[in-house]
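J.: Okay, here's the prediction I keep looking at, along with the sequence it came from:
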Amino acid sequence: MMDRHRSKTQFRNCAGYNRWMKREELAYLQGALEKEAGQVLWDYGTEVTDSLKKLTAILKDCFGGTNMAEKYQIEEKAETVM
């Protein structure tokens, strides 16, 4: 969970430092999405994926809840056991 918060903070810092416009933020976010998060670009229509506000809302809904936090904690524990 900490990695997601760190990533979001890093993204915001980069956007501010580089003075990205919303369209640039959207393009960089879309390019940075991987694995399950990247699948969101395929699962939702352009009405969602072409809007920074809507895309971040969907990502938060899909990956920001307590269920996802529990999932990541279980995965982290499994990785340390291996």
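T.: Great, that's in hand.

J.: check contacts around residue 32.
T.: Listed by C-beta atoms under 8 Å, 6 or more residues apart in numbering, the contact partners of residue 32 are residue 11. All C-beta atoms are positioned from the backbone trio N, CA, C, and that covers glycine.

J.: what's the answer for residue 30, then?
T.: Contacts of residue 30 (C-beta under 8 Å, 6+ apart): 41, 49, 55.

J.: could you dump those residues to TSV with neighbour count?
T.: Output for the contacts of residue 30, formatted as TSV (neighbours: other C-beta atoms under 10 Å):
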residue	neighbour count
41	16
49	19
55	20
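
J.: ranges for the strands of this protein?
T.: Taking DSSP state E as the criterion, the chain contains no strands.

J.: what stretches of it score poorly on pLDDT?
T.: Flagging of the chain using pLDDT under 70 yields the residue ranges 1-5, 65-82.

J.: out of everything not next to it in sequence, what's closest to residue 25?
T.: Counting by C-beta to C-beta, 6 or more residues apart in numbering, residue 25 lies nearest to residue 15, which is 5.1 Å off, once chain neighbours are set aside.

J.: so how far is residue 43 from that neighbour?
T.: Distance, residue 15 to residue 43, by C-beta to C-beta, to the nearest Å: 25 Å.

J.: Name the residue in those two with the higher neighbour count.
T.: residue 15 (17 against 11; other C-beta atoms under 10 Å).
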